[in-house]
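**Student:** Model the structure of this input:
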Amino acid sequence: MKRYSIITNDLKHCIECGRPIVELHEVFFGGRNRYKSIEDGLVIPLCKQFHHRGNLIGIHKDISLNLKYKKIAETKWLKYYDKTIEDFIKKYGKNYLD
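**Tutor:** Take a look at the predicted model:
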């Protein structure tokens, strides 16, 4: 499945620091949510530092960085698809905006 993003138009530079070498990250990762993220364009580019590096920096371990992009993704999803928070909860299981 081809990845695209409704969060950013630039998938070639890290969304956090601007570095040009990136890995694409599904904002809602793990299990079925990973594929839903790909399908809905909830994908962001991250350099290795912000994607997997260490326990404090990588988005998979950094709770505040992870939550930051979950909130951004939910906001973009609601607007882009003209849906409600209830629709989002049905699809992704949780509201991250409260």
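**Student:** And the helices in this protein?
**Tutor:** Along the chain, the stretches classed as helices by DSSP state H are 31-40, 48-51, 54-57, 63-80, 85-92.
**Student:** Could you dump those helices into a markdown table and include mean neighbour count, distance to residue 24 and mean pLDDT?
**Tutor:** C-beta coordinates here come from the backbone N, C-alpha and C atoms, glycine included. Shown next, in a markdown table, are these (neighbours: other C-beta atoms under 10 Å; distance: least, C-beta to C-beta, whole Å; pLDDT from 0 to 100):
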| stretch | mean neighbour count | distance to residue 24 | mean pLDDT |
| --- | --- | --- | --- |
| helix 31-40 | 15 | 9 | 94 |
| helix 48-51 | 17 | 9 | 90 |
| helix 54-57 | 10 | 18 | 63 |
| helix 63-80 | 16 | 13 | 97 |
| helix 85-92 | 14 | 18 | 98 |
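**Student:** okay if I get those as CSV plus distance to residue 9?
**Tutor:** Output for these, formatted as CSV (distance: least, C-beta to C-beta, whole Å):
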stretch, distance to residue 9
helix 31-40, 16
helix 48-51, 18
helix 54-57, 25
helix 63-80, 12
helix 85-92, 22
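**Student:** quick one: contacts for residue 78?
**Tutor:** Residues counted as contacts of residue 78 (C-beta atoms under 8 Å, 6 or more residues apart in numbering) are 84, 85, 87, 88.
**Student:** wait, doesn't the second one sit right on residue 96?
**Tutor:** If I follow you right, that is residue 85. No - with contacts counted by C-beta atoms under 8 Å, residue 85 stays clear of residue 96, the gap being 9.8 Å.
**Student:** Next, work out how far apart the residue nearest to the spatial centre of the chain and residue 79 are.
**Tutor:** Nearest residue to the geometric centre of the chain (C-alpha atoms, centre = their mean): residue 27, 2.3 Å. Counting by C-beta to C-beta, to the nearest Å, the gap between residue 27 and residue 79 amounts to 15 Å.
**Student:** Same question for residue 93.
**Tutor:** In terms of C-beta to C-beta, residue 93 sits 20 Å off from residue 79.
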